[in-house]
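Undergrad: got a predicted structure plus its sequence, pasted below:
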Amino acid sequence: MVRPALSVVLLDSHRKVERLMRRSLFDAGAYEEIDARLARLQPAASARFGTMTPGKMVCHLIDALEIALGKAPTTPRRKWLPKPLVRWLVIHLVPWPKGKAKTVPEMLRTQPTSWEADVARLRLLLREAAHRGLDKPWSPDPAFGQITGRDYGYFLYKHIVHHLEQFSA
């Protein structure tokens, strides 16, 4: 087996990180891309990693968006993530572990009802978040604390795409 040179591997990794870093929910076409992927998501899809079902994942993203938009209460934790450098690295640079990270209880509140109703609610919240933009106020995140609208755009895009990849959508 021929192994690629280290420089090729690093360049490929850099391109993947750069592509992820540059995407924000507020970028032109980002909302439409995610919305189209949500439309392709299937309720019986198998998870490539983690323990969530598609229904639980949709509800988890509903909770995340409701917290960001200030529609659901939360209490920011005083842990290592509120530190600016660590927060920036996690939001912008570090790939998220697949199936190993625990989420906060506030993002597991909503229970699945009907697939169509839950996906419709998620798509509505996604649209609202995408149109809120950089300059409007955002609620503190339970793990990151108060973050800017700019950082929320990157964080929400990365979070939603992470879960869509979980179910190959």
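TA: Received it, and whenever you're ready, just let me know what you need.
Undergrad: tell me where the chain has helices.
TA: 6-21, 30-40, 54-68, 84-88, 115-132, 149-166 (DSSP state H).
Undergrad: now the last one, how far from the centre of its chain.
TA: What that stands for is helix 149-166. 3 Å (Cα atoms, centre = their mean, to the nearest Å).
Undergrad: try the shortest one
TA: Distance of helix 84-88 from its chain centroid, counting by Cα atoms, centre = their mean, is 17 Å.
Undergrad: residues of that helix that come out buried?
TA: Across helix 84-88, burial judged by 16 or more other Cβ atoms under 10 Å covers residue 87. The way it works is simple: take the backbone N, C-alpha and C, and place the C-beta from them, glycine included.
Undergrad: distance between the ends of stretch 100-118?
TA: Taking Cα to Cα, to the nearest Å, stretch 100-118 runs 25 Å from one end to the other.
Undergrad: show me what counts as buried in it.
TA: Buried, per 16+ other Cβ under 10 Å, within stretch 100-118: 104, 106-107, 110, 112, 118.
Undergrad: sort out for me which of these are in strands.
TA: Judged by DSSP state E, strands contain none of these.
Undergrad: closest one of these to residue 157?
TA: The closest of the buried residues of stretch 100-118 to residue 157 turns out to be residue 107 (Cβ to Cβ; 16.4 Å).
Undergrad: roughly how far apart are that closest one and residue 153?
TA: 18 Å (Cβ to Cβ, to the nearest Å).
Undergrad: about what we covered before: pLDDT-wise, what's the bottom of the buried residues of stretch 100-118?
TA: The lowest pLDDT within the buried residues of stretch 100-118 belongs to residue 104, with 86.
Undergrad: so where's this structure shaky on pLDDT?
TA: Counting by pLDDT under 70, the low-confidence segments of the chain come to 1-22, 78-82.
Undergrad: for the residue positioned nearest the centre of the chain, which non-adjacent residue is closest in space?
TA: By Cα atoms, centre = their mean, the chain has its centre lying nearest to residue 159, at 1.2 Å. Once flanking residues are discounted, residue 159 sits nearest to residue 64: 6.2 Å by Cβ to Cβ, 6 or more residues apart in numbering.
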